[in-house]
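Enquirer: Predicted model, plus sequence, below.
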Amino acid sequence: MERLPGGRRPRLVSSLGLGRRSWEVTLDEERGAAGLARPPARRNCFVPISEIIAVEETEFNKKQRNIGRWQKMAKLHAFTVHYVKKARNHRWRCRDATFWCVDEHLCNQWTQALKELLEMQKSRPKQLLVYINPYGGKRQGKRIYEQKVAPLFSLASISTDVVVTEHANHAKDNLFEVNIYKYDGVVCVGGDGMFSEVMHGLIGRMQKDSGIDQNNPKASLVQCNIRIGIIPAGSTDCICYSTVGISDPVTSALHIIVGDCQPLDVSSVHHNNTFLKYSVSLLGYGFYGDILKDSEKKRWMGPMRYDYSGFKTFLSHHYYEGTIAYQPAKQTHGSPRDKESCRTGCYICKQSEKQLAEQNKEHGLKHEEGEEEWKVIKGKFLAINAVNMSCACPRSPKGLSPAAHLADGSADLILVRKCSRFNFLRYLVRHTNQDDQFDFPFVDVYRVKCFQFTSKLSEDNESNVMDIGKKRFGQFCRDHPACCCNIVNSTWNCDGETLDSSAIEVRVHCQLMKLFARGIEEDCKDEAAHSQSSIEQLL
Ligand SMILES: Nc1ncnc2c1ncn2[C@@H]1O[C@H](COP(=O)(O)OP(=O)(O)OP(=O)(O)O)[C@@H](O)[C@H]1O
Ligand SMILES: CCCCCCCCCCCCC/C=C/[C@@H](O)[C@H](CO)NC(=O)CCCCC
Ligand SMILES: [Ca+2]
């Protein structure tokens, strides 16, 4: 085909068959879309090129019958376009449309042009490294990958190296050994814990290869440009749900195929200049730490373990004393009490991206310590939750902090002070409905860029190292036996992994890594326009 200046193809407009009818089909490179219209009524629809999964020549007679007289008159030539169909609740599905015509040359011209345009989608992965946790969630990871995901990858001509993990940390250790640079992305099939493993492997490997010491809490970490794709097959799947809007393996596979990219903030957790963990979703002490610790003993229950341990922990109603010091995130434009949530193309996250690029230009990788003041809060808390993202999941569809941003360089620090069981239940119920969960006198929320926490017990231990009599681990408050003030420490729940250290230092690293996702898309308000734009509706 002849090219226009700049190498572009002229607009391709042809009369092609689809189903039993003839359509005016357009390939508009400038608009980045392929569309079809049916004269004279001109009902039309367009599919963005970026949402076409694959194009293939089709043996017409095998696939399509019943198109009437055309089939008898001449040999028909056909090609099939596989594309993304957006359904309700952020669910994506793969649909196909087979176009036919009598002119073989025209058919080849269309197939060729579409294939070339797909080749030009440079953000699409060609080679992926896949880790499957066969024991995550309901133990369906392998089946989900083989039946729902692998066929789509193969349709999109993505080649894969697949590792089914044999033990915990298998994926993480493996990422330090393989040549990760030959892959366009790493896919984890499992839950938040499996994602965490892959993220630790990738971030750790990047720092190792760049000579950066992860034990230094002030180190500026090297961004990881190898994207991670999450095929949800775990118990909570909070990271997938909060970044895609649904926990659905086919939807996630399609986001990987079309090459979506969503930057993500990562918090580093240190104790005494020793690196402990990274966190992207929930870093929770008290309620969520205790649930996790109890539920780990009941892994055999599958996802139900969280309901069982959640109920038990709620009844135990333990609170913990400690001190939190934090630096507010002054550079971000939002607030945790905003009514707007982080959505695809989020303005606030875009601003943070610009700031980050400017900072890197000015200081390179050198970390500039801010002069901002530290705020200090002492108290008795039922829960201390720091979230880098909303933490929406099927159990809590708007999450623990509905206005938290995926990539603004900050975390929301939620402090739930000692209160009655009834009030705590009211707070928990608001995780699941539309009411404002921060509108309680015993709940405070701050947007922070870093914080430190020291439990009362570790403060006491530090100041009275010699006074062994004061270390009464495992006992309850002697002064008030019925007060539920537990003088043992709680545990940190770090993205679903336990962390026993009760004195930690946390810092948010803006957009340290990237996912094959695009954030949650705005709901299509105009349902009529939405349905009109689907090929199925036209046929
Ligand atoms: N082959 C394996 N055998 C045992 N444990 C494994 C294996 N592969 C991975 N793991 C570990 O299993 C843990 C839990 O896995 P995963 O996150 O997939 O499921 P989950 O805990 O049910 O879901 P969620 O994290 O969403 O609550 C991870 O921390 C991971 O390190
Ligand atoms: C009476 C109704 C009360 C209902 C209360 C429901 C509250 C649900 C909130 C869920 C918040 C999930 C936050 C995400 C945490 C993940 O990083 C982590 C790893 O997967 N999951 C858990 O710790 C699992 C945590 C599960 C807690 C139940
Ligand atoms: Ca954030």
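Expert: In hand now; what should we look at? Ligands and ions are numbered 1, 2, ... in the order given.
Enquirer: wait, what's in contact with the closest residue to ligand 3 within the chain?
Expert: In the chain, the residue that lies nearest ligand 3 is residue 265 (4.1 Å; C-beta to the ion). The C-beta positions use only the backbone N, C-alpha and C, and glycine is treated the same way. By C-beta atoms under 8 Å, 6 or more residues apart in numbering, the contact set of residue 265 is 280, 388-389, 405-411, 508-512.
Enquirer: Let's see which of the residues you listed end up in strands.
Expert: Using DSSP state E, the members of the contacts of residue 265 that fall in strands are 411, 508, 509, 510, 511, 512.
Enquirer: Closest one to ligand 2 out of the residues you listed, please.
Expert: Set against ligand 2, the nearest of the ones in strands among the contacts of residue 265 by C-beta to the nearest ligand atom is residue 411 (13.0 Å).
Enquirer: before we move on, back to that, now, among the contacts of residue 265, which is nearest to ligand 1?
Expert: residue 280 (11.9 Å).
Enquirer: related to what we said a few turns ago, highest neighbour count among the ones in strands among the contacts of residue 265?
Expert: The most neighbours of any of these, using other C-beta atoms under 10 Å, belong to residue 411, which has 32 neighbours.
Enquirer: Point out where the chain drops to low pLDDT.
Expert: In the predicted model of the chain, residues 1-10, 37-43, 61-73, 364-371, 462-487, 524-533, 537-539 satisfy pLDDT under 70.
Enquirer: quick one, domains of it?
Expert: 12-121, 123-261+516-531, 267-363+372-508 (automatic domain parsing).
Enquirer: For the protein, which residues are neighbours of ligand 1?
Expert: Contact residues (C-beta under 6 Å from any ligand atom) of the chain with ligand 1: 133-137, 165-168, 170, 190-194, 197, 234-237, 496-497.
Enquirer: Among those residues, name the buried ones.
Expert: In terms of neighbour count (16 or more other C-beta atoms under 10 Å), the buried residues within the residues of the chain next to ligand 1 are 133-137, 165, 170, 190-194, 197, 234-237, 496-497.
Enquirer: just checking, which of those residues belong to helices?
Expert: Within those, residues falling in helices by DSSP state H are 170, 192, 193, 194, 197.
Enquirer: which residues touch the third one?
Expert: Residues in contact with residue 193 (C-beta under 8 Å, 6+ apart) are 133, 136, 234, 495, 496, 497.
Enquirer: do that again at 7 Å, thanks
Expert: By C-beta atoms under 7 Å, 6 or more residues apart in numbering, residue 193 lies in contact with 234, 496, 497.
Enquirer: so the last one touches residue 196, yeah?
Expert: Think residue 497. Yes - shown here, residue 497 and residue 196 form a contact pair, counting by C-beta atoms under 7 Å, at 6.1 Å.
Enquirer: So which residues of the stretch 201-350 of the chain form strands?
Expert: 227-232, 262-271, 274-279, 282-286, 320-328 (DSSP state E, counting those that start in this stretch).
Enquirer: what are the pairing partners of the last one, and which direction each?
Expert: This points to strand 320-328. strand 375-387 (antiparallel), strand 443-455 (antiparallel) (DSSP bridges).
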